[in-house]
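Enquirer: Need the 3D shape of this:
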Amino acid sequence: MVIIGAGQAGLQIAECLRRGGHAGRLTLLGEEPWPPYQRPPLSKKYLAGDLADERVFCRPLAQLAKQEIEFRANTRVVAIDRTARAVVLASGERLAYTGLAIATGARPRALPVAGAEHPAVCYLRGLQDAQGLQAKLVRAQQVVVIGGGFIGLEVAATAREAGKTVSVIEGADRLMARAVAPGISSYFAQTHRARGVDLRFGCQVSGLVPVAAGGLRVELSDGGVLHADLVVAGVGALPNQELAAQAGLACANGIVVDEYARTNDPLIVAAGDCTWHVNRRYPAPLRLESVQNAVDQAKIAALSLLGVAQPYQDLPWFWSDQYDVKLQIAGLSLAHDTTVVRGGSEAFSVFYFAAGALVGVDSINRPADHMLARKLLSAGRAVTPAQAVDLAFDLKALLQDPTG
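Expert: Numbering: from 1, shown residues only. The predicted structure is shown next:
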């Protein structure tokens, strides 16, 4: 078995194959010089200097060796030869496979403006990005973040807590518009403004111009101008699907896989941020960038390589830490028609309903609500808006066996 990509999905596939009984050779290929690591801390504790490199690694190399997982760092795959059933490495070496997993993840979308190649412009995806950004953040005073999504806002919060002047430029009319409903967006806008962040909505960056004194002149589409010692672009991500597409595998907004994480080649599966996948919970294919999806879909991919067909139907969930605020999301709620709020002004949960059914819950500083919401949604238990809003009603009771 060969796995291309040593992120959390690739690692999960490898370990599940071993636990599932695969006794043959198992090779995990990673382009980066490090063992598999966690990405979520990179925009928060790691960027703030509160987390050492080794603390972000998922497993010690010794543990991979103990599982007889052959991990190869600094190894780039340049082609998949489906006819010969082999992957071709940049070195020219060919690795034969009887089963292949693709877990190549995603990459930051490049900022499409003049001046974006300036060294003061940074992206944040991998550990090397985080190391470079961390060093530049120490020296910077004025930080401009382009993009009001999770990554942009987490970087903005970290920079503001480090005492930097921070502006966030968002083309939409609210924050995190692709992930949360307007009420949550408003709460986080108030949170960032209360910490002194300058939020600019409904405008784009039209140019980045170097200035003689150093840094960049950030020109906005509404005529505004900002100065920045450091610009961080968080304007979305693109799936790393090129290798799969060149091999003739079906690709759309990612590598197309069915509910069993299988591509259109019966010997090849894919999992994680790079996939356009089917989840039985939802009527249309999805591409999700989350730890949950990487780990849970990887388990399904490993089973498929082992000849076990188990459909993917895990509930999506996400989180974001900004300042002392923890946002936790259970389910996909953007198609809701009714909302109710459980809790107070600083710690609350928004319950989302569509046609009377609970479809998602966003929790602010209420982790118990989040865990309960995941259980309720996963089990498909009926919840009414009246029950959700009533703090006196014990939602845990809905998880009890109705036949018991």
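
Enquirer: Keeping just the C-alphas, turn the worst-scoring helix or strand of the chain on mean pLDDT into PDB.
Expert: Within the chain, no helix or strand scores below helix 53-56, which has a mean of 92 by mean pLDDT, DSSP states H and E. Output of helix 53-56 as PDB, limited to C-alpha atoms (Å, rounded to 0.1, in the frame of the first residue of the first chain):
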ATOM      1  CA  ASP A  53       7.600  22.300  16.900                       C
ATOM      2  CA  GLU A  54       7.600  18.900  18.500                       C
ATOM      3  CA  ARG A  55       4.300  19.700  20.100                       C
ATOM      4  CA  VAL A  56       2.500  19.900  16.800                       C
END
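
Enquirer: Now find how far off-centre it is within its chain.
Expert: Taking the mean of its C-alpha atoms, helix 53-56 sits 19 Å from the chain's own mean (CA atoms, centre = their mean, to the nearest Å).

Enquirer: Name the residues of the helix or strand just after it that are buried.
Expert: Downstream of helix 53-56, the first helix or strand assigned by DSSP states H and E is helix 61-66. Counting neighbours by 16 or more other CB atoms under 10 Å, one finds that the buried residues in helix 61-66 are residue 64. For glycine as for every other residue, the C-beta is placed from the backbone atoms N, C-alpha and C.

Enquirer: circling back to that earlier point, what sits up against the least confident helix or strand of the chain?
Expert: 34, 37-38, 41-42, 46, 127 (CB atoms under 8 Å, 6 or more residues apart in numbering).

Enquirer: and what of stretch 9-23?
Expert: Applying CB under 8 Å, 6+ apart, the contact partners of stretch 9-23 are 1, 3-4, 26, 28, 30, 36, 58-59, 64, 67-69, 101, 103, 105, 269, 271-273, 294-295, 297-299, 301-303, 305-306, 308.

Enquirer: circling back: for the contacts of helix 53-56, which two are the farthest from each other?
Expert: Greatest spacing in these, by CB to CB: 34 and 41 (13.7 Å).

Enquirer: Can you show me the strands along the stretch 251-400 of the chain?
Expert: 251-252, 254-256, 268-270, 275-276, 317-322, 325-331, 338-343, 348-354, 357-364 (DSSP state E, counting those that start in this stretch).

Enquirer: Restricting to C-alpha, output the last one in PDB.
Expert: Meaning strand 357-364. Only the C-alpha atoms of strand 357-364 are listed here, as PDB (Å, rounded to 0.1, in the frame of the first residue of the first chain):
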ATOM      1  CA  ALA A 357     -35.500  19.400  11.800                       C
ATOM      2  CA  LEU A 358     -32.300  20.400  13.600                       C
ATOM      3  CA  VAL A 359     -29.500  20.700  11.000                       C
ATOM      4  CA  GLY A 360     -26.700  22.400  13.000                       C
ATOM      5  CA  VAL A 361     -25.600  24.200  16.200                       C
ATOM      6  CA  ASP A 362     -23.000  26.900  16.600                       C
ATOM      7  CA  SER A 363     -21.700  27.200  20.100                       C
ATOM      8  CA  ILE A 364     -19.800  30.200  21.600                       C
END
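
Enquirer: Next, count neighbours for residue 1.
Expert: 21 (other CB atoms under 10 Å).

Enquirer: Need the pLDDT of it.
Expert: As predicted, residue 1 sits at a pLDDT of 98.

Enquirer: pretty sure it contacts residue 101?
Expert: Yes - at 7.2 Å, residue 1 counts as touching residue 101 under the criterion of CB atoms under 8 Å.

Enquirer: Find residues that contact each of the two.
Expert: Joint contacts of residue 1 and residue 101 (CB under 8 Å, 6+ apart) are residue 305.

Enquirer: Low-confidence regions, the chain specifically.
Expert: 401-404 (pLDDT under 70).

Enquirer: Domains in it, by residue range?
Expert: 2-107+237-305, 110-233, 324-399 (automatic domain parsing).

Enquirer: export these to CSV and tack on distance to residue 312?
Expert: Listed next are the domains of the chain as CSV, based on distance: least, CB to CB, whole Å:
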stretch, distance to residue 312
domain 2-107+237-305, 5
domain 110-233, 21
domain 324-399, 13
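
Enquirer: Could you work out which of these reaches nearest to residue 315?
Expert: domain 324-399 (4.8 Å).

Enquirer: Quick check: residue 34 touching residue 73?
Expert: Yes - Residue 34 is within contact range of residue 73, at 6.7 Å (criterion: CB under 8 Å).

Enquirer: Residue 139 - nearest residue in space that isn't next to it in sequence?
Expert: Closest residue to residue 139 apart from its sequence neighbours, by CB to CB, 6 or more residues apart in numbering: residue 229 at 7.2 Å.

Enquirer: hmm, who's touching stretch 90-99?
Expert: Contact with stretch 90-99 is made by 1-2, 24, 27, 29, 75-78, 81, 84-89, 267-269, 305, as judged by CB under 8 Å, 6+ apart.
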